[in-house]
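Engineer: coordinates only, sequence not included:
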């Protein structure tokens, strides 16, 4: 298709495909100097390419639908520098079906203490290869389907216990987090989701030695939760002795179920709960998990299948959070096929590779217990 030049004031925008929108280029050497300038003129379906670099104090509201916003030539760093869009966030996304790639968000603070890197208000968001750190919240909100993958969340939260690395709101139908690294939330949770369905798959979620987060994973409203193939660790300084919680604020959906499958969950705190479940939460299956350290599991209304709980699990380097299995691990060939639930296959097909990557999980004899199959990946 022939290219068309549109002139908007003194800014020229190259439209390469009218069916799929324009490509708007942003950067110090482009006509559009700041991402907010692109947000002001974007149309549905546009692709916004932002040159790598740091953009101090530039905040934006994205109102259009089906946008792809990505950093090119490296990571784009949006440093809030005391500013916010609508008193809410560095970016407020109101449009539907937005894709954000290769963007770093830091320093979001607002007057009510609930600022975010991204405040999601439109339905549909995909975040890939992004980094959220030192904000009051990393991502806050959500509607429709929200997917976060290959991304990192660190040191978000104000210390009040109500601000978090990731906080997915109740208007979200389906939330998927995979191949991501969430750690060191400040007193709040590393992952919190009120979505109707939450798929937390193949991530590294940790306090490590000095983190003081509350829950590693909180699904406070119940719903249907799949927690599979994750590396989950509670540090000695955690603000809350429970690692994972389901339904703590009531079961607010017609269907509630929890499937905790093939995770390696390490408690470096003195005691506490590996998993806490509210009352009769519906079907709960806890299968093929490797529980390391001291802690308790729910006793009622739960089906258990081939889990291991022990202090010496035969991990490569527990002290440095390398939870791959050694040849001496009792977890090797000790698992069971967990089947499927509500049409979702519960046998893991991938495993986390640090940092913020994934790979296919090998099939070597009977499935191993935990997040890794021996010999598994050698990539670190």
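Structural biologist: In hand now; what should we look at? Keep in mind it's a predicted model, so treat the numbers as computed, not measured. Numbering: from 1, shown residues only.

Engineer: Share the number of residues neighbouring residue 344, please.
Structural biologist: 12 (other CB atoms under 10 Å). Every residue, glycine included, has its C-beta placed from N, CA and C.

Engineer: tell me which residues form a beta bridge with it?
Structural biologist: Residue 344 has the following beta-bridge partners by DSSP bridges: residue 341.

Engineer: residues in contact with it?
Structural biologist: 199, 226, 259 (CB atoms under 8 Å, 6 or more residues apart in numbering).

Engineer: Apply 10 Å and report the result again.
Structural biologist: Contact analysis of residue 344 by CB atoms under 10 Å, 6 or more residues apart in numbering lists 197, 199, 224, 226, 228, 259.

Engineer: now do residue 33
Structural biologist: Residue 33 makes contact with 26-27, 51, 55, 58, according to CB under 10 Å, 6+ apart.

Engineer: and the gap between it and residue 24?
Structural biologist: According to CB to CB, to the nearest Å, residue 33 stands 12 Å off from residue 24.

Engineer: Narrow the contacts of residue 344 to those in helices?
Structural biologist: Using DSSP state H, no member of the contacts of residue 344 sits in helices.

Engineer: Between the residues you listed, which sits nearest residue 135?
Structural biologist: Closest to residue 135 out of the contacts of residue 344 is residue 199 (23.9 Å), distances taken as CB to CB.

Engineer: My guess is the closest one contacts residue 228. True?
Structural biologist: Yes: counting by CB atoms under 10 Å, residue 199 does reach residue 228; the two are 8.0 Å apart.

Engineer: Overlap in contacts, the two.
Structural biologist: With CB under 10 Å, 6+ apart, residue 199 and residue 228 have common neighbours 178, 259, 344.

Engineer: List the contacts of the first one.
Structural biologist: Put plainly, it is residue 178. So residue 178 contacts 147-151, 199-203, 228-230, 350, 352, 358 (CB under 10 Å, 6+ apart).

Engineer: If you tally nearby residues, what's the number for residue 338?
Structural biologist: The number of residues packed near residue 338 is 23, by other CB under 10 Å.

Engineer: quick one: which of the contacts of residue 344 is most hemmed in?
Structural biologist: Busiest of these [other CB under 10 Å] is residue 228, holding 28 neighbours.

Engineer: Spatially nearest residue to that one (excluding sequence neighbours)?
Structural biologist: residue 261 (4.4 Å; CB to CB, 6 or more residues apart in numbering).

Engineer: thinking that neighbour is in contact with residue 303, fair?
Structural biologist: No: using CB under 10 Å, residue 261 makes no contact with residue 303, being 11.6 Å away.

Engineer: which of the two has more neighbours?
Structural biologist: residue 261 (24 against 11).

Engineer: so what's the more buried one up against?
Structural biologist: 201, 226-230, 285-289, 305, 335, 338-339, 341, 346-348, 371.

Engineer: Distance of residue 196 relative to residue 145?
Structural biologist: Taking CB to CB, one finds residue 196 at 10 Å from residue 145.

Engineer: Find the residues that touch each one of the two.
Structural biologist: 172-175.

Engineer: Now, of these, which are buried?
Structural biologist: Taking 16 or more other CB atoms under 10 Å as the criterion, what is buried in these is 172, 174-175.

Engineer: Take those residues and write them to TSV, including pLDDT and secondary structure.
Structural biologist: Output for those, formatted as TSV (pLDDT from 0 to 100; DSSP: H, G, I helix; E, B strand; the rest coil):
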residue	pLDDT	secondary structure
172	98	strand
174	98	strand
175	99	strand
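
Engineer: any chance of those in TSV, with distance to residue 236 too?
Structural biologist: Formatted as TSV, these follow (distance: CB to CB, whole Å):
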residue	distance to residue 236
172	33
174	35
175	29
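
Engineer: quick one: which of the residues you listed is nearest to residue 106?
Structural biologist: residue 175 (23.0 Å).

Engineer: With adjacent residues omitted, what lies nearest to residue 207?
Structural biologist: residue 235 (3.1 Å).

Engineer: in terms of contact, does that neighbour touch residue 214 like I think?
Structural biologist: No: in this structure residue 235 lies outside contact range of residue 214 using CB under 10 Å: 11.7 Å.

Engineer: Pull up the overlap in contacts between those two.
Structural biologist: Contacts common to residue 235 and residue 214, judged by CB under 10 Å, 6+ apart, are residue 207.

Engineer: Need the shared contacts of residue 196 and residue 145 in CSV (columns: distance to residue 116).
Structural biologist: Putting those into CSV (distance: CB to CB, whole Å) gives the following:
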residue, distance to residue 116
172, 15
173, 20
174, 20
175, 16
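
Engineer: and of the residues you listed, the nearest to residue 76?
Structural biologist: residue 175 (24.4 Å).
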